[in-house]
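[1] below is the structure, and that's it, no one-letter string:
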């Protein structure tokens, strides 16, 4: 029997590696029991499940001939990675609206094949944001630079690079497409905020928005949930 290294094998190995990384990161987290769950109960359980799933997928890929792994689309990969990092970096400092708007716009660069210039910008953006989000980086940068503004300068540089990537990408896509992405990001941000505020039992300042949300819940969401259940 001829073994074929195909997509399933690579996917399984990736899942297993990701699970192993999660287990290593959560080594110091208490597991606990089903009755008294520790901080690492759910993460470790998910990692073990992912490890088993990865092993199963790898085994299937080994015994079954499949399609070979295609070349990586590095431009799209960098765009999606940068979008996730943008969300994480902007959420705490600028709020949910800016985080969603930025991540959607940066993720939109992954739709067509990014140019070399855009790839370079996305690579720099990913590096800057990864450094900014790494635990303890702000304190270390402050010690090196002698000022607490070092992390803010790092984030400002990332914002400039992100803006350049979006502007460069906007020149190659139709205006309507960019407007659709902005509308999608703003709509997602607004919806997330409304659901979050309502879930906490609070009210927004705009009574029109709250009245509209309550009407939507009563006429659409609750009937759909009743049908699903």
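    Nice, I can see it. Note that the structure is a prediction, hence the values are computed from the model and not measured. Residues are numbered from 1 along each chain as shown.

[2] what's the closest non-adjacent residue to residue 83?
    residue 107 (3.6 Å; C-beta to C-beta, 6 or more residues apart in numbering). To be clear about C-beta, it is placed using only N, CA and C from the backbone, and glycine gets the same treatment.

[3] list the contacts of the residue nearest to residue 181 when sequence neighbours are not counted.
    Spatial nearest neighbour of residue 181, chain neighbours left out: residue 108 (4.7 Å); criterion: C-beta to C-beta, 6+ apart. Contacts for residue 108 (C-beta atoms under 8 Å, 6 or more residues apart in numbering) come out as 79, 169, 173, 177-178, 181.

[4] for residue 108, give its distance to residue 102.
    11 Å (C-beta to C-beta, to the nearest Å).

[5] next one: residue 9
    36 Å.

[6] neighbour count winner among these two?
    residue 102 (24 against 20; other C-beta atoms under 10 Å).

[7] and the contacts of whichever helix or strand the more buried one is part of?
    Here residue 102 sits within helix 96-107, counting by DSSP states H and E. Helix 96-107 has contacts (C-beta under 8 Å, 6+ apart) with 79-80, 82-84, 86-88, 90-91, 122, 125, 162, 165-166, 181-182, 184-186, 188-190, 192-193, 196.

[8] which is the next helix or strand following the worst-scoring helix or strand of the chain on mean pLDDT?
    Across the helices and strands of the chain, mean pLDDT, DSSP states H and E gives its lowest value to helix 137-145, namely a mean of 65. Next helix or strand after helix 137-145 toward the C-terminus (DSSP H and E): helix 150-170.

[9] list the buried ones in that next one?
    For helix 150-170, the neighbour count (16 or more other C-beta atoms under 10 Å) marks 150-151, 154-155, 158-159, 161-162, 164-166, 169-170 as buried.

[10] among those, name the least confidently predicted one.
    Among these, residue 150 carries the weakest pLDDT, at 66.

[11] low pLDDT regions in the chain?
    Counting by pLDDT under 70, the ranges of the chain that qualify are 1-5, 34-35, 65-66, 69, 112, 136-150, 228-229.

[12] so where do the helices sit in it?
    7-25, 41-63, 74-94, 96-107, 116-133, 137-145, 150-170, 175-199, 207-216, 222-228 (DSSP state H).

[13] okay, now the domains of the protein?
    7-63, 74-173 (automatic domain parsing).

[14] among the contacts of helix 96-107, the buried ones, what's the ChimeraX command?
    Command for ChimeraX, covering only those of the contacts of helix 96-107 found buried under the criterion 16+ other C-beta under 10 Å:
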select :79,80,82,83,86,87,90,122,125,162,165,166,181,185,188,189,193
